[in-house]
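Q: What follows is a predicted structure for the sequence shown.
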Amino acid sequence: MISSLKNKKRSQLLFVSLLLGASTWAQSQPVSTSPEPMAADGRISAALKQISAERIRANIEKLVSFGTRSTISAQDPASITAGRGIGAAREWIKSEFERYSKDCGGCLEVKTDSFTEPAADRIPQPTVITNVYAVLKGTDAENAKRIVLVTGHYDSRNSDILDTKSDAPGANDDGSGAAVSLECARILSKLKFPATIIFLTVAGEEQGLNGSHHFAKMAKEQAWNIEAVLNNDIVGGDKSAEQDRSLVRVFSEGLPAAATEQEIRRIRGLGGENDSASRQLARYIADVGRAYDAGVKPMLVFRLDRYLRGGDHASFNQQGFTAVRFTEFREDFHHQHQNVRTENGIEYGDLPRFVDFDYVAHVARLNAATLASLASAPAPPANVHLLTKDLENDSTLTWETSPGGRASGYEILWRATTSPEWEHVQKVGSVLRTTLKLSKDNVIFAVRAVDSDGHRSLPVVPLPER
Ligand SMILES: [Zn+2]
């Protein structure tokens, strides 16, 4: 009785809110104290089942078969024909994407981004570097401008970064990441999404993130609307005794690399150091991990990358894009960046037999579920603001319609400033302004857009507005 009365009051309030284009929610109203997990989309769940550890194994072994994929190794026609060196690897990746495209009636546009990197420390002479990618264009004209992207690097290295002759199998680093991009392309190209998905493989990572730097810069210059970048680097689940195959680490930057001095001042003043857009993406992946049984759970690590290491997601962060890195729980450094050899009974080298192909398939499922969820979701709401004109204990948020017309409503998220993930959610319907009986001084807010099927956009933390 009480609850139905409450519901009635609530629906009346919602009705009034809709009329006024605004809403007010008091703290005493029923709110979900732990946000319900994202609803699994049956179409996405079915697609995830088709991701194959066997296919991933075949692709990693094929990449290893090119002997070395050092960025400065051979790429002349004779070496490509002979099947040795980075040129041969590049041509094979391209043909693989083209094969997937053929299977979906030409649904993928297969492209290369080729440029000459000038000589540098790790590049003895000017070298052509080629990124290979496939575009699954969104089916909705407006939403097709929105892009989600998955990447891995197909180049490899051995102990000496300038050695182009010795084998550099790179099964885990980063045959595994390249295989994730390929397998996501094979499976997701069978579906259609309103937004665009790009499946990328880059080169030059080991030489200095050259490929991703060039690609991200091009995307920035051409004003591509990339909403999220998933970088997979060393996701092979090396079979060492202390590996935890139930977890994959997801690294995200705190202070955005691209933040201006003014933005850094605001972040410092308001405690925004844990709320970069990349960190919202990491939290989104945690949400996806609860909705879909990928076989592996994301373990969020709130730092850009591991000690002494870097990766391609940083190239995207530097250009102001939202990007995270997936890496296996525990790395075995004997099996990375090492010539294949046995010394004092220790086996060195990045060989396929140290890779757990089931684990790579699980990571590919988590990636595919994230890409598919974002590409199905409405765009995030635009120009999200928190009004801070007056000293008051309520909090008023305003935003503009999610571009592209796919949102059926909006949800307010909040959490204690000390909490790593969103703790509360309030559905506010199809309004563009709401007031909560909650002090903005004590919590962090965000707003997300949802569609009628429950697909959620990335949440947007408001900017203060006076
Ligand atoms: Zn790597």
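A: Cool, got the structure.
Q: From the ion, how far out is the closest residue to A171 other than its chain neighbours?
A: The shortest distance from A171 to any non-neighbouring residue, by CB to CB, 6 or more residues apart in numbering, is to P352 (4.4 Å). Every C-beta, even on glycine, is put in place using the N, C-alpha and C of the backbone. Distance of P352 to the ion, given as CB to the ion, to the nearest Å: 16 Å.
Q: List the residues that contact P352.
A: Contacts here follow CB atoms under 8 Å, 6 or more residues apart in numbering; on that basis P352 touches 57, 60-61, 64, 169, 171, 175.
Q: L48 - how many residues pack around it?
A: Around L48 there are 22 other residues, counting by other CB atoms under 10 Å.
Q: hang on, it in a helix?
A: Yes. The assignment for L48 (DSSP: H, G, I helix; E, B strand; the rest coil) places it in a helix.
Q: For the residue lying closest to it once chain neighbours are set aside, give me the pLDDT.
A: What sits nearest to L48 in space, not counting adjacent residues and going by CB to CB, 6+ apart, is R365, at 4.7 Å. What the model reports as pLDDT for R365 is 98.
Q: from the chain's centre, how far out does the host helix or strand of R365 sit?
A: In this assignment (DSSP states H and E), R365 forms part of helix 357-376. When C-alpha coordinates are averaged (CA atoms, centre = their mean, to the nearest Å), helix 357-376 and its chain have centres 10 Å apart.
Q: pretty sure F354 contacts A171?
A: Yes. The criterion here is CB atoms under 8 Å, and F354 meets it with A171 at 7.0 Å.
Q: ok, those two, which is more surrounded?
A: Higher neighbour count among F354 and A171: A171, with 26 against 20, using other CB under 10 Å.
Q: hang on, that one packs against V355?
A: Yes. Using CB under 8 Å, A171 makes contact with V355 at a distance of 5.1 Å.
Q: tell me, what's touching the two both at once?
A: Joint contacts of A171 and V355 (CB under 8 Å, 6+ apart) are 60, 236.
Q: Could you report the separation of the residue nearest to L48 from the ion?
A: For R365, the distance to the ion equals 21 Å [CB to the ion].
Q: and that residue, how many neighbours does it have?
A: 28.
Q: List the residues that contact it.
A: Each residue near R365 by CB under 8 Å, 6+ apart is listed here: 48, 51, 292, 294-296.
Q: Now do E400: how many residues are near it, please.
A: For E400, using other CB under 10 Å, the count is 11.
Q: Then the one 4 residues further on?
A: G404: 19 surrounding residues under other CB under 10 Å.
Q: Apart from its chain neighbours, what residue comes closest to K427?
A: Nearest residue to K427, sequence neighbours excluded (CB to CB, 6+ apart): E411, at 5.2 Å.
Q: Who does the one you found form a beta bridge with?
A: Under the criterion DSSP bridges, E411 forms beta bridges with K427, R448.
Q: The closest residue to C184 other than its chain neighbours: what's it in contact with?
A: Using CB to CB, 6+ apart and skipping residues adjacent in sequence, the residue nearest C184 is A368, 4.8 Å away. When contacts are counted by CB under 8 Å, 6+ apart, A368 is found next to 44, 47-48, 51, 183-184, 187-188.
Q: hang on, T398 in a strand?
A: Yes. Under three-state DSSP, T398 falls within a strand.
Q: what's around R266, how many residues?
A: Quick note: R266 (other CB under 10 Å) scores 13 neighbours.
Q: for it, what are its contacts?
A: Contacts of R266 by CB under 8 Å, 6+ apart are 272, 463-464.
Q: secondary structure class for it?
A: Look at R266: counting by three-state DSSP, its state is helix.
Q: gap between it and I72?
A: R266 is 43 Å from I72, where distance means CB to CB, to the nearest Å.
Q: ok, now I123?
A: Relative to I72, and taking CB to CB, I123 is found at 6 Å.
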